[in-house]
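> Give the three-dimensional model of this entry:
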Amino acid sequence: MNSYLIRNVSVLGAAPTDLLIRDGVVAETGAGLAAPDATLVDAEGLVALPGLVDLHTHLREPGREDAETVKTGSRAAALGGYTAVCAMANTSPVADTAGVVEQVWRLGREAGLVDVQPIGAVTVGLAGERLAELGAMADSAARVRIFSDDGHCVADPRLMRRALEYVKAFDGIIAQHAEEPRLTEGAQMHEGEVSTRLGLTGWPAVAEEAIIARDVLLAEHVGSRLHVCHVSTAGSVEVLRHAKARGVRVTAEVTPHHLLLTDARAETYDPVFKVNPPLRTATDIAALRAALVDGVIDIIATDHAPHAVEDKECEWAYARPGMLGLETALSIALDVLGPRWDLIAERMSRTPARIAGLTEHGHDPAPGAPATLTLVDPAARRVIEPAELASRSRNTPYARMTLPGRIVATFLRGEATVLDGKAVK
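Modelled structure (predicted):
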(Lines give C-alpha, C1' and ligand atoms only; values in the text may rest on other atoms or scores of the structure.)
Protein backbone atom coordinates (compact mmCIF):
# COMPACT_ATOMS: atom_id res chain seq x y z
CA MET A 1 0.00 0.00 0.00
CA ASN A 2 1.31 3.44 -0.95
CA SER A 3 2.15 6.12 1.59
CA TYR A 4 1.61 9.83 1.00
CA LEU A 5 2.88 12.92 2.77
CA ILE A 6 0.51 15.83 2.14
CA ARG A 7 2.31 19.07 2.93
CA ASN A 8 0.83 22.40 4.00
CA VAL A 9 -2.83 21.51 3.67
CA SER A 10 -5.64 23.30 5.48
CA VAL A 11 -7.96 20.77 7.15
CA LEU A 12 -11.47 22.22 6.93
CA GLY A 13 -10.09 25.74 6.65
CA ALA A 14 -7.76 25.55 9.67
CA ALA A 15 -4.08 26.59 9.71
CA PRO A 16 -1.87 24.63 7.27
CA THR A 17 -0.44 21.33 8.51
CA ASP A 18 1.01 18.09 7.13
CA LEU A 19 -0.85 14.78 6.82
CA LEU A 20 0.95 11.45 6.65
CA ILE A 21 -1.12 8.70 5.06
CA ARG A 22 0.10 5.19 5.75
CA ASP A 23 -1.60 1.77 5.77
CA GLY A 24 -4.92 3.26 4.76
CA VAL A 25 -5.24 5.71 7.64
CA VAL A 26 -4.08 9.19 8.58
CA ALA A 27 -1.05 8.09 10.59
CA GLU A 28 0.12 11.50 11.77
CA THR A 29 -0.58 15.21 11.48
CA GLY A 30 1.55 18.24 12.31
CA ALA A 31 4.00 20.74 10.88
CA GLY A 32 7.27 19.59 9.36
CA LEU A 33 6.55 15.86 9.14
CA ALA A 34 9.17 13.68 7.46
CA ALA A 35 8.59 10.43 5.59
CA PRO A 36 11.27 9.70 2.97
CA ASP A 37 9.42 6.63 1.68
CA ALA A 38 6.15 8.50 1.08
CA THR A 39 4.97 10.15 -2.12
CA LEU A 40 5.02 13.90 -1.56
CA VAL A 41 1.86 15.89 -2.35
CA ASP A 42 2.30 19.66 -2.31
CA ALA A 43 -1.01 20.96 -0.96
CA GLU A 44 -0.19 24.60 -0.33
CA GLY A 45 -3.39 26.61 -0.72
CA LEU A 46 -5.54 23.45 -0.71
CA VAL A 47 -8.29 22.47 1.74
CA ALA A 48 -8.73 18.88 2.95
CA LEU A 49 -12.28 17.59 3.40
CA PRO A 50 -13.60 14.17 4.34
CA GLY A 51 -14.34 12.27 1.12
CA LEU A 52 -17.72 13.30 -0.26
CA VAL A 53 -20.65 10.86 -0.12
CA ASP A 54 -23.55 10.98 -2.59
CA LEU A 55 -26.84 9.43 -1.52
CA HIS A 56 -28.41 9.73 -4.97
CA THR A 57 -26.50 8.64 -8.09
CA HIS A 58 -27.71 7.00 -11.29
CA LEU A 59 -25.01 4.77 -12.77
CA ARG A 60 -27.31 3.20 -15.42
CA GLU A 61 -25.56 -0.18 -15.42
CA PRO A 62 -26.96 -2.75 -16.06
CA GLY A 63 -28.97 -1.91 -19.14
CA ARG A 64 -28.06 1.62 -20.26
CA GLU A 65 -24.30 1.42 -20.58
CA ASP A 66 -24.57 3.83 -23.52
CA ALA A 67 -25.36 6.57 -20.98
CA GLU A 68 -23.09 5.54 -18.08
CA THR A 69 -21.37 2.54 -16.56
CA VAL A 70 -20.39 1.85 -12.99
CA LYS A 71 -16.77 2.48 -13.99
CA THR A 72 -17.34 5.77 -15.86
CA GLY A 73 -19.68 7.01 -13.14
CA SER A 74 -17.16 6.03 -10.47
CA ARG A 75 -14.45 7.98 -12.29
CA ALA A 76 -16.71 11.03 -12.51
CA ALA A 77 -17.46 10.69 -8.80
CA ALA A 78 -13.78 10.48 -7.80
CA LEU A 79 -12.98 13.53 -9.94
CA GLY A 80 -15.79 15.34 -8.12
CA GLY A 81 -14.21 14.56 -4.75
CA TYR A 82 -16.50 11.63 -3.90
CA THR A 83 -15.37 8.45 -2.18
CA ALA A 84 -18.77 6.76 -1.97
CA VAL A 85 -21.97 6.86 -4.01
CA CYS A 86 -25.34 5.20 -3.55
CA ALA A 87 -26.53 3.82 -6.88
CA MET A 88 -30.26 4.11 -7.62
CA ALA A 89 -32.31 1.10 -8.59
CA ASN A 90 -33.85 2.24 -11.89
CA THR A 91 -31.55 0.15 -14.05
CA SER A 92 -32.55 -2.49 -16.62
CA PRO A 93 -33.19 -4.98 -15.15
CA VAL A 94 -34.35 -3.07 -12.11
CA ALA A 95 -32.30 -3.59 -8.95
CA ASP A 96 -35.15 -5.33 -7.18
CA THR A 97 -33.41 -8.64 -6.40
CA ALA A 98 -30.32 -9.73 -4.51
CA GLY A 99 -28.68 -10.77 -7.78
CA VAL A 100 -28.86 -7.35 -9.41
CA VAL A 101 -27.73 -5.34 -6.37
CA GLU A 102 -24.80 -7.73 -5.93
CA GLN A 103 -23.87 -7.24 -9.59
CA VAL A 104 -23.74 -3.45 -9.14
CA TRP A 105 -21.81 -3.80 -5.88
CA ARG A 106 -19.20 -6.08 -7.48
CA LEU A 107 -18.81 -3.78 -10.49
CA GLY A 108 -18.09 -0.96 -8.07
CA ARG A 109 -15.45 -3.01 -6.27
CA GLU A 110 -13.82 -3.92 -9.59
CA ALA A 111 -13.67 -0.25 -10.63
CA GLY A 112 -12.05 0.56 -7.28
CA LEU A 113 -12.47 4.33 -7.53
CA VAL A 114 -15.28 4.88 -5.03
CA ASP A 115 -17.37 2.64 -2.81
CA VAL A 116 -20.56 1.91 -4.75
CA GLN A 117 -23.44 1.10 -2.42
CA PRO A 118 -26.54 -0.12 -4.29
CA ILE A 119 -30.00 1.15 -3.44
CA GLY A 120 -32.70 -1.48 -3.87
CA ALA A 121 -36.11 -0.93 -5.41
CA VAL A 122 -39.10 -0.70 -3.09
CA THR A 123 -41.45 -2.42 -5.53
CA VAL A 124 -41.00 -5.07 -8.20
CA GLY A 125 -40.01 -3.41 -11.46
CA LEU A 126 -40.67 0.02 -9.92
CA ALA A 127 -44.30 -0.67 -10.79
CA GLY A 128 -45.69 0.32 -7.39
CA GLU A 129 -47.81 -2.81 -7.09
CA ARG A 130 -46.00 -5.23 -4.75
CA LEU A 131 -42.92 -5.11 -2.57
CA ALA A 132 -39.58 -6.21 -3.99
CA GLU A 133 -37.22 -8.63 -2.22
CA LEU A 134 -36.28 -6.15 0.50
CA GLY A 135 -35.08 -8.75 2.98
CA ALA A 136 -33.03 -10.68 0.42
CA MET A 137 -31.32 -7.50 -0.75
CA ALA A 138 -30.61 -6.51 2.86
CA ASP A 139 -29.05 -9.94 3.52
CA SER A 140 -27.04 -9.99 0.28
CA ALA A 141 -23.33 -9.27 -0.04
CA ALA A 142 -24.29 -5.69 -0.93
CA ARG A 143 -26.06 -5.27 2.45
CA VAL A 144 -28.66 -2.88 1.06
CA ARG A 145 -30.15 -0.52 3.65
CA ILE A 146 -31.79 2.14 1.46
CA PHE A 147 -34.68 1.36 -0.87
CA SER A 148 -36.21 3.68 -3.45
CA ASP A 149 -38.35 3.63 -6.56
CA ASP A 150 -36.73 6.94 -7.56
CA GLY A 151 -38.10 8.16 -10.85
CA HIS A 152 -41.45 6.86 -9.61
CA CYS A 153 -43.36 7.65 -6.45
CA VAL A 154 -44.59 4.89 -4.17
CA ALA A 155 -48.03 6.40 -4.56
CA ASP A 156 -50.13 3.71 -2.83
CA PRO A 157 -50.24 4.68 0.87
CA ARG A 158 -50.92 1.12 2.00
CA LEU A 159 -47.87 -0.17 0.09
CA MET A 160 -45.75 2.68 1.45
CA ARG A 161 -46.79 1.79 4.99
CA ARG A 162 -45.90 -1.86 4.43
CA ALA A 163 -42.48 -0.90 3.09
CA LEU A 164 -41.77 1.32 6.10
CA GLU A 165 -42.84 -1.48 8.43
CA TYR A 166 -40.69 -4.05 6.64
CA VAL A 167 -37.42 -2.11 6.69
CA LYS A 168 -37.85 -1.15 10.34
CA ALA A 169 -36.75 -4.67 11.28
CA PHE A 170 -33.18 -3.94 10.11
CA ASP A 171 -33.21 -0.13 10.53
CA GLY A 172 -33.54 0.38 6.80
CA ILE A 173 -34.71 3.49 4.99
CA ILE A 174 -37.34 4.16 2.38
CA ALA A 175 -36.21 7.02 0.11
CA GLN A 176 -39.25 8.52 -1.53
CA HIS A 177 -39.53 10.29 -4.87
CA ALA A 178 -42.31 12.62 -3.71
CA GLU A 179 -44.68 13.14 -6.62
CA GLU A 180 -48.42 12.56 -6.60
CA PRO A 181 -48.71 11.17 -10.17
CA ARG A 182 -52.33 12.20 -10.62
CA LEU A 183 -51.28 15.83 -10.23
CA THR A 184 -48.36 15.68 -12.66
CA GLU A 185 -49.80 13.80 -15.63
CA GLY A 186 -48.33 15.30 -18.78
CA ALA A 187 -46.29 17.83 -16.79
CA GLN A 188 -43.32 19.41 -18.57
CA MET A 189 -41.98 21.94 -16.04
CA HIS A 190 -42.84 23.79 -12.83
CA GLU A 191 -46.41 25.08 -12.75
CA GLY A 192 -46.25 28.86 -12.52
CA GLU A 193 -45.86 32.08 -14.42
CA VAL A 194 -43.22 30.72 -16.81
CA SER A 195 -45.16 27.55 -17.71
CA THR A 196 -48.25 29.65 -18.38
CA ARG A 197 -46.32 31.98 -20.66
CA LEU A 198 -44.68 29.09 -22.53
CA GLY A 199 -47.86 27.05 -22.80
CA LEU A 200 -46.32 23.98 -21.15
CA THR A 201 -48.24 21.73 -18.76
CA GLY A 202 -47.17 22.50 -15.21
CA TRP A 203 -45.87 20.28 -12.36
CA PRO A 204 -47.44 21.88 -9.27
CA ALA A 205 -45.49 22.21 -6.05
CA VAL A 206 -48.37 20.65 -4.13
CA ALA A 207 -47.76 17.31 -5.92
CA GLU A 208 -44.48 17.05 -3.98
CA GLU A 209 -45.71 18.56 -0.74
CA ALA A 210 -48.77 16.32 -0.45
CA ILE A 211 -46.71 13.12 -0.66
CA ILE A 212 -44.15 14.37 1.85
CA ALA A 213 -46.94 15.29 4.28
CA ARG A 214 -48.52 11.87 3.89
CA ASP A 215 -45.26 10.00 4.26
CA VAL A 216 -44.02 11.79 7.36
CA LEU A 217 -47.31 10.87 9.00
CA LEU A 218 -46.85 7.24 7.94
CA ALA A 219 -43.25 7.21 9.16
CA GLU A 220 -44.33 8.70 12.48
CA HIS A 221 -47.09 6.12 12.83
CA VAL A 222 -44.77 3.21 12.04
CA GLY A 223 -41.70 4.62 13.81
CA SER A 224 -39.55 3.96 10.76
CA ARG A 225 -36.94 5.92 8.80
CA LEU A 226 -37.98 8.02 5.81
CA HIS A 227 -35.70 9.90 3.45
CA VAL A 228 -37.11 12.46 1.02
CA CYS A 229 -35.31 12.69 -2.30
CA HIS A 230 -34.60 15.95 -4.19
CA VAL A 231 -36.75 18.39 -2.19
CA SER A 232 -37.58 21.31 -4.46
CA THR A 233 -40.24 23.62 -2.97
CA ALA A 234 -40.58 26.10 -0.14
CA GLY A 235 -43.76 24.32 0.96
CA SER A 236 -41.89 21.02 1.29
CA VAL A 237 -39.38 22.73 3.57
CA GLU A 238 -42.18 23.78 5.92
CA VAL A 239 -43.68 20.27 5.99
CA LEU A 240 -40.24 18.87 6.87
CA ARG A 241 -39.63 21.54 9.50
CA HIS A 242 -42.89 20.65 11.23
CA ALA A 243 -42.18 16.90 11.04
CA LYS A 244 -38.70 17.26 12.50
CA ALA A 245 -40.01 19.42 15.32
CA ARG A 246 -42.32 16.52 16.22
CA GLY A 247 -39.44 14.05 16.22
CA VAL A 248 -40.34 12.14 13.05
CA ARG A 249 -37.40 10.06 11.78
CA VAL A 250 -37.16 11.87 8.46
CA THR A 251 -34.14 13.15 6.53
CA ALA A 252 -34.10 15.09 3.29
CA GLU A 253 -31.81 16.04 0.43
CA VAL A 254 -31.56 18.87 -2.06
CA THR A 255 -29.73 18.75 -5.38
CA PRO A 256 -27.16 21.30 -6.56
CA HIS A 257 -29.36 22.31 -9.49
CA HIS A 258 -32.33 23.07 -7.26
CA LEU A 259 -30.06 25.37 -5.25
CA LEU A 260 -28.97 27.38 -8.28
CA LEU A 261 -31.18 27.16 -11.38
CA THR A 262 -34.74 28.48 -11.77
CA ASP A 263 -37.64 27.55 -14.04
CA ALA A 264 -36.72 30.53 -16.23
CA ARG A 265 -34.14 28.23 -17.86
CA ALA A 266 -37.03 26.48 -19.64
CA GLU A 267 -37.55 29.62 -21.72
CA THR A 268 -34.71 28.39 -23.96
CA TYR A 269 -36.52 25.08 -24.57
CA ASP A 270 -33.12 23.43 -24.10
CA PRO A 271 -33.91 19.92 -22.81
CA VAL A 272 -30.74 19.90 -20.69
CA PHE A 273 -32.81 21.91 -18.19
CA LYS A 274 -35.61 19.36 -18.05
CA VAL A 275 -35.46 17.51 -14.74
CA ASN A 276 -37.77 15.74 -12.29
CA PRO A 277 -38.75 17.38 -9.99
CA PRO A 278 -38.55 20.44 -12.22
CA LEU A 279 -36.53 23.58 -11.63
CA ARG A 280 -38.59 25.86 -9.42
CA THR A 281 -38.68 29.60 -8.63
CA ALA A 282 -36.24 31.98 -6.99
CA THR A 283 -38.48 31.96 -3.90
CA ASP A 284 -38.13 28.18 -3.68
CA ILE A 285 -34.36 28.40 -4.10
CA ALA A 286 -34.09 30.91 -1.24
CA ALA A 287 -36.10 28.59 1.03
CA LEU A 288 -34.01 25.56 0.07
CA ARG A 289 -30.75 27.37 0.73
CA ALA A 290 -31.94 28.55 4.14
CA ALA A 291 -33.17 25.05 5.03
CA LEU A 292 -29.83 23.54 4.01
CA VAL A 293 -27.99 25.91 6.34
CA ASP A 294 -30.30 25.41 9.32
CA GLY A 295 -30.47 21.62 8.94
CA VAL A 296 -34.11 21.13 7.95
CA ILE A 297 -32.59 19.76 4.75
CA ASP A 298 -29.85 17.36 5.86
CA ILE A 299 -27.68 16.88 2.80
CA ILE A 300 -26.76 17.81 -0.75
CA ALA A 301 -27.23 14.86 -3.12
CA THR A 302 -26.44 15.11 -6.81
CA ASP A 303 -29.22 13.10 -8.49
CA HIS A 304 -26.52 12.53 -11.15
CA ALA A 305 -28.63 11.42 -14.12
CA PRO A 306 -26.65 10.76 -17.30
CA HIS A 307 -28.53 10.33 -20.57
CA ALA A 308 -27.48 9.27 -24.04
CA VAL A 309 -27.46 11.96 -26.72
CA GLU A 310 -30.67 10.79 -28.39
CA ASP A 311 -32.54 11.02 -25.08
CA LYS A 312 -31.63 14.67 -24.55
CA GLU A 313 -30.98 16.27 -27.93
CA CYS A 314 -34.59 16.17 -29.06
CA GLU A 315 -37.80 18.16 -28.57
CA TRP A 316 -38.45 19.25 -24.99
CA ALA A 317 -41.62 17.16 -24.68
CA TYR A 318 -39.81 13.95 -25.62
CA ALA A 319 -36.56 14.51 -23.72
CA ARG A 320 -35.87 12.42 -20.64
CA PRO A 321 -35.52 14.38 -17.40
CA GLY A 322 -32.18 14.53 -15.60
CA MET A 323 -28.82 16.26 -15.32
CA LEU A 324 -25.21 15.37 -14.59
CA GLY A 325 -23.99 16.35 -11.15
CA LEU A 326 -21.05 14.41 -9.72
CA GLU A 327 -18.21 16.48 -11.21
CA THR A 328 -19.73 19.87 -10.38
CA ALA A 329 -21.54 19.40 -7.04
CA LEU A 330 -18.78 20.73 -4.79
CA SER A 331 -18.37 23.77 -7.03
CA ILE A 332 -22.08 24.53 -6.78
CA ALA A 333 -21.91 24.11 -2.99
CA LEU A 334 -19.05 26.61 -2.88
CA ASP A 335 -20.95 28.99 -5.14
CA VAL A 336 -24.09 28.77 -2.97
CA LEU A 337 -22.61 28.49 0.53
CA GLY A 338 -19.18 30.06 0.15
CA PRO A 339 -16.12 28.51 1.83
CA ARG A 340 -18.04 27.31 4.89
CA TRP A 341 -15.96 24.15 5.05
CA ASP A 342 -17.45 22.59 8.17
CA LEU A 343 -20.98 23.05 6.82
CA ILE A 344 -19.98 21.61 3.44
CA ALA A 345 -18.35 18.62 5.15
CA GLU A 346 -21.50 18.07 7.22
CA ARG A 347 -23.92 18.27 4.29
CA MET A 348 -21.81 16.43 1.71
CA SER A 349 -19.88 13.84 3.74
CA ARG A 350 -20.58 13.25 7.42
CA THR A 351 -24.38 13.29 7.35
CA PRO A 352 -24.89 11.32 4.11
CA ALA A 353 -22.40 8.72 5.37
CA ARG A 354 -24.30 8.49 8.64
CA ILE A 355 -27.70 8.19 6.92
CA ALA A 356 -26.42 5.42 4.62
CA GLY A 357 -24.53 3.60 7.39
CA LEU A 358 -21.22 3.91 5.53
CA THR A 359 -19.01 3.73 8.61
CA GLU A 360 -15.70 4.05 6.74
CA HIS A 361 -16.74 7.42 5.32
CA GLY A 362 -17.52 10.84 6.69
CA HIS A 363 -14.47 11.11 8.97
CA ASP A 364 -12.53 14.37 9.17
CA PRO A 365 -8.81 13.94 8.39
CA ALA A 366 -7.23 13.29 11.82
CA PRO A 367 -4.81 10.75 13.32
CA GLY A 368 -6.31 7.28 13.24
CA ALA A 369 -9.12 8.18 10.85
CA PRO A 370 -9.51 6.35 7.52
CA ALA A 371 -7.50 8.18 4.85
CA THR A 372 -10.63 8.76 2.80
CA LEU A 373 -10.51 12.41 1.88
CA THR A 374 -10.41 14.97 -0.89
CA LEU A 375 -8.21 18.01 -1.54
CA VAL A 376 -9.81 21.05 -3.15
CA ASP A 377 -8.32 24.24 -4.50
CA PRO A 378 -10.80 26.94 -3.42
CA ALA A 379 -9.04 29.69 -5.36
CA ALA A 380 -9.37 27.95 -8.72
CA ARG A 381 -12.12 28.82 -11.14
CA ARG A 382 -12.94 26.56 -14.06
CA VAL A 383 -15.08 26.71 -17.15
CA ILE A 384 -17.25 23.62 -17.48
CA GLU A 385 -16.67 22.01 -20.86
CA PRO A 386 -18.99 19.01 -21.45
CA ALA A 387 -16.45 17.23 -23.66
CA GLU A 388 -13.93 17.23 -20.80
CA LEU A 389 -16.22 15.50 -18.30
CA ALA A 390 -15.46 11.91 -17.30
CA SER A 391 -19.10 10.85 -17.47
CA ARG A 392 -20.09 8.96 -20.60
CA SER A 393 -22.92 11.50 -21.08
CA ARG A 394 -22.78 15.23 -21.68
CA ASN A 395 -26.07 16.57 -20.29
CA THR A 396 -24.66 19.10 -17.85
CA PRO A 397 -26.72 22.25 -17.21
CA TYR A 398 -23.50 24.12 -16.35
CA ALA A 399 -21.90 23.99 -19.81
CA ARG A 400 -19.50 26.90 -20.31
CA MET A 401 -20.33 28.33 -16.89
CA THR A 402 -17.40 29.44 -14.71
CA LEU A 403 -17.58 27.75 -11.31
CA PRO A 404 -15.38 28.03 -8.21
CA GLY A 405 -13.14 25.29 -6.84
CA ARG A 406 -11.26 22.38 -8.35
CA ILE A 407 -10.67 18.87 -6.99
CA VAL A 408 -6.93 18.27 -6.94
CA ALA A 409 -6.75 14.86 -5.24
CA THR A 410 -9.04 12.19 -3.81
CA PHE A 411 -7.99 9.30 -1.56
CA LEU A 412 -9.97 6.15 -0.79
CA ARG A 413 -8.65 4.29 2.26
CA GLY A 414 -5.17 5.63 1.64
CA GLU A 415 -5.04 4.96 -2.10
CA ALA A 416 -5.11 7.89 -4.50
CA THR A 417 -7.97 7.76 -6.98
CA VAL A 418 -7.29 11.29 -8.27
CA LEU A 419 -3.95 13.13 -8.33
CA ASP A 420 -3.18 16.50 -9.91
CA GLY A 421 -6.81 16.70 -10.95
CA LYS A 422 -6.65 13.48 -13.02
CA ALA A 423 -8.10 10.04 -12.35
CA VAL A 424 -5.43 7.51 -11.43
CA LYS A 425 -7.18 4.71 -13.35
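
> Can you list the residue ranges for helices in the stretch 251-400 of the chain?
256-260, 282-294, 309-312, 329-337, 341-345, 351-356 (DSSP state H, counting those that start in this stretch).

> wait, which of the ones you listed is closest to G81?
The closest of the helices of the stretch 251-400 of the chain to G81 is helix 329-337. By C-beta to C-beta, the value is 5.2 Å. Any C-beta I mention is one placed from the backbone N, CA and C, and that applies to glycine too.

> tilt between the closest one and helix 282-294?
Taking axes from the mean of the first three to the mean of the last three C-alpha atoms, to 10 degrees, helix 329-337 and helix 282-294 form an angle of 100 degrees between their directions.

> hey, where'd the strands end up in the stretch 301-425 of the chain?
Along the stretch 301-425 of the chain, the stretches classed as strands by DSSP state E, counting those that start in this stretch are 373-383, 402-412, 415-419, 422-423.

> Any idea which of those gets closest to A155?
Set against A155 and scored by C-beta to C-beta, these come closest in strand 402-412, at 36.6 Å.

> Give the pairing partners of the closest one; include direction for each.
Strand 402-412 pairs in its sheet with strand 373-383 (antiparallel), strand 415-419 (antiparallel), by DSSP bridges.

> Output those as TSV; include the columns distance to G63, mean pLDDT and mean neighbour count.
Output for the strands paired with strand 402-412, formatted as TSV (distance: least, C-beta to C-beta, whole Å; pLDDT from 0 to 100; neighbours: other C-beta atoms under 10 Å):
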stretch	distance to G63	mean pLDDT	mean neighbour count
strand 373-383	30	98	19
strand 415-419	26	98	21
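
> Check which residues of the longest helix along the chain are buried.
Longest among the helix segments of the chain by residue count, using DSSP state H, is helix 205-222. Neighbour-count burial for helix 205-222 flags 205, 207-216, 218-220, 222 (criterion: 16 or more other C-beta atoms under 10 Å).

> circling back: JSON lines for the strands of the stretch 301-425 of the chain, including distance to T83?
Formatted as JSON lines, these follow (distance: least, C-beta to C-beta, whole Å):
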{"stretch": "strand 373-383", "distance to T83": "7"}
{"stretch": "strand 402-412", "distance to T83": "5"}
{"stretch": "strand 415-419", "distance to T83": "8"}
{"stretch": "strand 422-423", "distance to T83": "13"}
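
> Mind checking those for the one nearest to V116?
strand 402-412 (11.4 Å).

> Just give me how far that closest one sits from the chain centre.
Put simply, strand 402-412 sits 16 Å off its chain's centre (C-alpha atoms, centre = their mean, to the nearest Å).
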